[in-house]
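S.K.: 3D, please:
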Amino acid sequence: MSDITTIIGSAEWLAHRYDPTGDTIHFRHVPRDVHARATFITEEYLPKDAQTVVLRRQDCLEALAAGPGPAPVQFVFHSAYCCSTLVARAFDAAGMAMGLKEPVILNDIVGWRRRGGQPDRVAGVLDSALTLLARPFGPGESVIVKPSNVFNGFAAATLGLRPTASALMLYAPLTSFLRSIAKKGMWGRLWVRELFAGQLADGIVDLGFAPADYIKLTDLQIAAVGWLAQHAMFNKLSQRFGARVATLDSETLLAHPEAAIAALASLYAIPMDARTIAAIASGPAFSSHSKSGEAFSAKERDLEQAEAAATHAEEIDKVAIWAEAVAGNAGVPMKLPNALC
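M.R.: Next up is the predicted model:
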């Protein structure tokens with residue numbers, strides 16, 4: 001078994017899970033090539049036989065204090081189905097950055113807080129987790145963390161704990177998001193209800209509804225309300241953190257990949273020349289499916305969206321109009337400030 005110095009000193013040992021019962025961190029051996037192949041760094045996509053080591057959090061902090069210090073860490077917060085995995089993959093660039101796709105340790109912290117974890121203890125563990133995730137694979141590399149969107153309620157706390165970090169707030173336009181949910185059928189509709197339940201638990205829904213009103217809404221209305229809650233939060237974060245935060249919609253990202261990557265590299269303070277930017281914009285992050293890895297272009301994505309639109313057009317159109325009225329009454333801007341490009 002590797003000793004603690006080796007584990008803490010190597011980004012190949014991913015800080016994977018947190019157990020509040022014993023205040024321990026579960027590390028999993030995940031080399032860089034495994035990160036690249038995995039859709040997300042979750043149990044479903046990581047090798048089943050990967051070596052795991054459990055360490056006391058305090059011991060990890062002491063080992064970290066004796067090391068070279070964390071890498072620059074930046075964030076991608078997102079509203080789902082908006083190409084966020086594509087962005088994390090784009091910034092898997094040896095010598096420059098590494099993108100971490102939905103680390104489970106951050107979900108563990110969300111779950112612990114929802115079960116009643118004390119805020120001061122949760123904040124301390126979040127700080128530890130962020131430091132453990134900010135271990136670079138190579139000298140001079142930044143770490144780009146793309147949490148699951150269940151973590152969005154912690155975005156403000158995260159940026160507060162990391163005052164030098166910047167963040168992209170990435171979202172799909174409302175109609176595009178509704179199409180993505182509709183085309184996934186029952187599972188998509190169940191997912192948005194589960195997400196919305198978590199948003200209510202995190203206290204980030206303030207759209208003028210009484211609690212009893214939500215049970216009366218259709219699945220796609222719930223999807224829209226959840227989208228609006230995240231949009232309202234992104235708007236507040238943009239106003240609070242100013243130039244540290246930029247917003248971007250998935251359609252602009254796909255239509256102007258070079259401009260988006262160049263602007264994002266600037267936001268993250270990652271030096272990139274024009275050739276590197278062009279290579280990323282024409283590379284596998286933009287030309288293959290983020291989930292399956294198969295060839296997949298923006299045109300094919302548009303065709304998928306068109307199919308969903310044709311099948312569910314009436315419902316989507318009505319919900320979109322309704323949601324814009326809700327947004328107007330709640331003061332939620334449909335177009336966010338601090339546009340990346």
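S.K.: pLDDT weak spots in this protein?
M.R.: Across the chain, the ranges flagged by pLDDT under 70 are 1-2, 289-306, 308-309.
S.K.: give me that answer again for 90
M.R.: In the prediction, the chain carries residues with pLDDT under 90 at positions 1-3, 65-71, 93-94, 139, 183, 211, 284-313.
S.K.: which stretches of it form strands?
M.R.: 13-19, 24-29, 52-56, 73-78, 97-101, 142-146, 167-171, 245-249 (DSSP state E).
S.K.: could you dump those into TSV with mean neighbour count added?
M.R.: Any C-beta I mention is one placed from the backbone N, CA and C, and that applies to glycine too. Output for the strands of the chain, formatted as TSV (neighbours: other Cβ atoms under 10 Å):
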stretch	mean neighbour count
strand 13-19	22
strand 24-29	21
strand 52-56	14
strand 73-78	25
strand 97-101	25
strand 142-146	25
strand 167-171	26
strand 245-249	23
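S.K.: now those strands in TSV, with distance to residue 209?
M.R.: Formatted as TSV, the entries for those read as follows, by distance: least, Cβ to Cβ, whole Å:
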stretch	distance to residue 209
strand 13-19	33
strand 24-29	39
strand 52-56	43
strand 73-78	24
strand 97-101	33
strand 142-146	30
strand 167-171	21
strand 245-249	25
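S.K.: out of these, which gets nearest to residue 116?
M.R.: With Cβ to Cβ as the measure, strand 13-19 is the member of the strands of the chain nearest residue 116 (15.3 Å).
S.K.: against which helices or strands is the closest one packed?
M.R.: With contacts defined as 3 or more Cβ pairs under 8 Å, 6 or more residues apart in numbering; DSSP states H and E, the secondary structure elements packing on strand 13-19 are strand 24-29, strand 52-56, helix 104-114, helix 119-133.
S.K.: residue 186 is nearest to which of those?
M.R.: Smallest distance to residue 186 across those (Cβ to Cβ): 23.1 Å, for helix 104-114.
S.K.: and residue 67, what does it touch?
M.R.: Taking Cβ atoms under 8 Å, 6 or more residues apart in numbering, we find residue 67 in contact with 8, 9.
S.K.: touching, residue 227 and residue 79? I think so.
M.R.: Yes: using Cβ atoms under 8 Å, residue 227 and residue 79 qualify as a contacting pair, with a distance of 6.0 Å.
S.K.: any common contacting residues for the two?
M.R.: The contact sets of residue 227 and residue 79 overlap at 171, 177 (Cβ under 8 Å, 6+ apart).
S.K.: re earlier: could you dump the helices and strands packed on strand 13-19 into CSV with distance to residue 191 added?
M.R.: Output for the helices and strands packed on strand 13-19, formatted as CSV (distance: least, Cβ to Cβ, whole Å):
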stretch, distance to residue 191
strand 24-29, 25
strand 52-56, 28
helix 104-114, 15
helix 119-133, 25
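S.K.: looking at the strands of the chain, spot the one closest to residue 129.
M.R.: Taking Cβ to Cβ as the criterion, residue 129 comes closest to strand 13-19 out of the strands of the chain, the separation being 6.3 Å.
S.K.: pull stretch 127-136 out as CSV, backbone CA atoms only.
M.R.: The C-alpha coordinates for stretch 127-136 follow below in CSV (Å, rounded to 0.1, in the frame of the first residue of the first chain):
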residue,chain,number,x,y,z
ASP,A,127,-12.1,23.7,1.9
SER,A,128,-10.2,20.5,2.4
ALA,A,129,-11.8,18.8,-0.5
LEU,A,130,-11.1,21.7,-2.8
THR,A,131,-7.5,21.7,-1.8
LEU,A,132,-7.2,17.9,-2.4
LEU,A,133,-8.8,18.3,-5.8
ALA,A,134,-6.3,21.1,-6.7
ARG,A,135,-3.3,18.8,-7.1
PRO,A,136,-1.9,19.1,-10.6
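S.K.: mind listing what's buried in that stretch?
M.R.: Within stretch 127-136, the residues that count as buried by 16 or more other Cβ atoms under 10 Å are 128, 129, 130, 131, 132, 133, 134, 135, 136.
S.K.: I'd like those residues as CSV, with distance to residue 9 appended.
M.R.: As requested, those are exported to CSV (distance: Cβ to Cβ, whole Å):
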residue, distance to residue 9
128, 16
129, 17
130, 18
131, 13
132, 12
133, 15
134, 13
135, 8
136, 11
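S.K.: closest one of the residues you listed to residue 159?
M.R.: Within the buried residues of stretch 127-136, distances to residue 159 taken as Cβ to Cβ reach their minimum at residue 130, with 10.6 Å.
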